[in-house]
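Trainee: Need a 3D model of the following:
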Amino acid sequence: MTPAIQWYPGHIAKAEKALQEQLKRVDVVLEVRDARVPLATQHPQISQWIAGKEHILVINRVDMVSKTARTQWETWLRDQGQIPYFTNAQEGKGVAGIAKAAQVAGQQMNQRRRDRGMRPRAVRAVVIGFPNVGKSALINRLVKKKVVESARKPGVTRQLRWIRITDDLELLDAPGILPALLKDQEAALKLAICDDIGQAAYDNQRIASSLVELFKTLDGQTEEATYLAALDQRYDLAAFDMTGETYLQQLANLRYQGDRERAARTLLRDYRVGYLGQLPLEWPD
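Mentor: Okay, the predicted model is just below:
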């Protein structure tokens, strides 16, 4: 049986090589993740790439998850020794804190240069993360003008380029980087549901069915995490006694004259734009 999600390692390997070449010149790494799936959007090689560099963890799309989820993730990440910065880059919320953190990290870097008898220079930062987690929107907010294309779809940024934010800070805009091999198919499903990988990698009907199954697993995670109620309220169709496949077929029959593809696209779109509510697909252990 073929994996549910697959993509093309050749393109990824080329992009990774270009990124690693530029990372040698970088002082600060801004790692952007999706608040709905903060673990699935952690690149497995990130710790190797950022070794010896200042690391700023940005959890974007915080508007897409509940306050309870945000609080639980903040506590969990801090327990892991990480300081998360929560942002809604589309609206600019939380971005000032990122700029300040990058500036502080840069000051520390320049102090080390002075200590070694070297002259201070502009801090070089890079924004990295999976496709469509909001990197371009974050950069535009940091620069305070539209300097990179930003859209809610993967693959808008195609090449590496440096952008000067201030006299003291330069930023490298990198394309979304996927692992060449993603062995964790559960994580891959979540990326597909959130549209954090290219559409060519998956089948809408399979992913929409998986979304319903995941909702069944997550239902009741907290008092406000009413995943199944969200489906019932939106489509007037209860899911608790159906498989994901059956639910998709019933939804297609009820609304789209049996068109499963249309039902799948609707279900995925409604989740991605927040019509089903602020429902993360991952919670801390």
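Trainee: Just the buried positions in the longest helix anywhere in the chain, please.
Mentor: Among the segments of the chain that qualify as a helix by DSSP state H, the longest is helix 95-115. For helix 95-115, burial by neighbour count (16 or more other CB atoms under 10 Å) applies to 95, 98, 99, 101, 102, 103, 105, 106, 109, 110. Heads up, the C-betas are built off the backbone N, CA and C, glycines and all.
Trainee: now swap in stretch 221-241 and tell me
Mentor: Neighbour counts over stretch 221-241 (16+ other CB under 10 Å) mark 221, 225, 226, 227, 228, 229, 230, 231, 234, 235, 239 as buried.
Trainee: And for the closest residue to the second one other than its chain neighbours, the neighbour number?
Mentor: For residue 225, the nearest residue in space outside its immediate sequence neighbours is residue 218; the separation is 6.4 Å by CB to CB, 6 or more residues apart in numbering. Look at residue 218: counted by other CB atoms under 10 Å, it has 18 neighbours.
Trainee: ok, now residue 60?
Mentor: With other CB under 10 Å as criterion, residue 60 counts 28.
Trainee: Skipping its backbone neighbours, what lies nearest it in space?
Mentor: Excluding the flanking residues, the one nearest residue 60 by CB to CB, 6+ apart is residue 134, at 4.1 Å.
Trainee: got a list of what that neighbour touches?
Mentor: By CB atoms under 8 Å, 6 or more residues apart in numbering, residue 134 lies in contact with 32, 34, 60, 61, 87, 89, 90.
Trainee: Now that residue 131 has come up, it's in contact with residue 179, right?
Mentor: No - judged on CB atoms under 8 Å, residue 131 makes no contact with residue 179 at a distance of 12.0 Å.
Trainee: Now tell me what touches the lowest-mean-pLDDT helix or strand in the chain from outside.
Mentor: Lowest mean confidence among the helices and strands of the chain (mean pLDDT, DSSP states H and E): helix 9-23, at a mean of 74. Contact with helix 9-23 is made by 29, 49, 53, 126, 128, 160, 172, 174-175, 177-181, as judged by CB under 8 Å, 6+ apart.
Trainee: Next step: the residues you listed restricted to strands.
Mentor: 29, 126, 128, 172 (DSSP state E).
Trainee: Walk me through the domains of this structure.
Mentor: The record's domain split for the chain, according to automatic domain parsing, is 9-173, 203-272.
Trainee: still on that earlier bit, from the ones in strands among the contacts of helix 9-23, which is closest to residue 190?
Mentor: residue 128 (19.0 Å; CB to CB).
Trainee: Kindly tell me how buried the closest one is, as a neighbour count.
Mentor: Other residues close to residue 128 by other CB under 10 Å number 23.
Trainee: same deal with residue 116?
Mentor: Neighbours of residue 116 under the rule other CB under 10 Å: 7.
Trainee: how close does it get to residue 55?
Mentor: To residue 55, residue 116 is 22 Å away according to CB to CB, to the nearest Å.
Trainee: cool, and residue 165?
Mentor: On the measure of CB to CB, residue 165 and residue 55 end up 18 Å apart.
Trainee: Ok, residue 32 next?
Mentor: In this view, residue 32 and residue 55 are 12 Å apart by CB to CB.
Trainee: cool, residue 172 as well?
Mentor: Distance from residue 172 to residue 55, by CB to CB: 15 Å.
Trainee: who has more neighbours, the two?
Mentor: residue 172 (21 against 17).
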